[in-house]
Each structure stands twice: as structure tokens, then as C-alpha cells.
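Participant: Generate a structure from the sequence data that follows.
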Amino acid sequence: MTDAVPPRVRVTGPPRRSQAQRPVDLRADSPLSEVYLDSLLAAQLRLAGRILVLLALAVGSLPLVFFLVPGLAEQQVAGLPLSWLVLGVGVYPVLGLLGWRYVVRAERNERDFVDLTRGSG
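Facilitator: Next up is the predicted model:
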């Protein structure tokens, strides 16, 4: 009695969906597919708008803060003006966080779209 050894599998990324799990393919000319696609596009547009508003508030307000509080702009940290450090270095974590948040939410919107289309047909 010999134990069958399963073949080696090389993992190069996340598992992909099998043919049986693929979503129902909506015809491009059907009114239902237009509704679904319009819904996805609207959700992605709302998401992009919210991220841009957050970006404008977080980053765009910094020059205004330095203008309204003149003593803050004159502060020195390690021999560099605080305003340079905040605008030149401190902004990047905010941009990274907003970008990460956008990708996570956009992927969730797309997963919801796939789940919605999987149930139709």
C-alpha cells in the first residue's frame, strides 16, 4: 500500500476563482447590465470625491494654517523651517493613508459588484 503524494503546487499569488465560481456574464446591451455598471461607476465616483475632499482638507489647509499662524511657520526643527518639514515630509504619510484607503474601498465596491452580478442571471 503506497500513499499517493499530491503533486507540488507553486504558489505565486492569491488563489484565483475557478470556472464554477465566476460571476454571471451580463450582456453588454441589456438594461440590467447598464443599471449594474452605472451603480458601480457611481459608487467609485463617490469614493473618489470623498478621498479628494479629505485630501483638500488635510493637505490643502496646511498653507492656510501657516498663513493664519505666522509664528508656526517660523519655528525651526533640526535647522529647517517647520512648514518645509510638514509640507515636504509630513504630507507623504497622509497621501499613503488616503491612497491605501481608496484602494481598499474601491476593491470592496468591486467585490460587492461581483457578488451582485453573481446572484443575477
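
Participant: drop to CA atoms for contacts and neighbour counts, all remaining ones
Facilitator: OK.

Participant: Gln75: neighbour count?
Facilitator: Neighbourhood size, Gln75 [other C-alpha atoms under 10 Å]: 12.

Participant: same question, Leu82
Facilitator: Based on other C-alpha under 10 Å, the number of other residues close to Leu82 is 17.

Participant: list the helices and strands the helix or strand bottoming out on mean pLDDT in the chain packs on?
Facilitator: None of the helices or strands of the chain scores lower by mean pLDDT, DSSP states H and E than helix 70-73, at a mean of 80. Applying 3 or more C-alpha pairs under 8 Å, 6 or more residues apart in numbering; DSSP states H and E, one finds that helix 70-73 contacts helix 62-68, helix 82-85.

Participant: Pro93 and Arg101: what is the separation?
Facilitator: Note on Pro93: its distance to Arg101, by C-alpha to C-alpha, to the nearest Å, is 12 Å.

Participant: Residues that sit against both of these two, list them.
Facilitator: Here Pro93 and Arg101 share no contacting residue, scored by C-alpha atoms under 8 Å, 6 or more residues apart in numbering.
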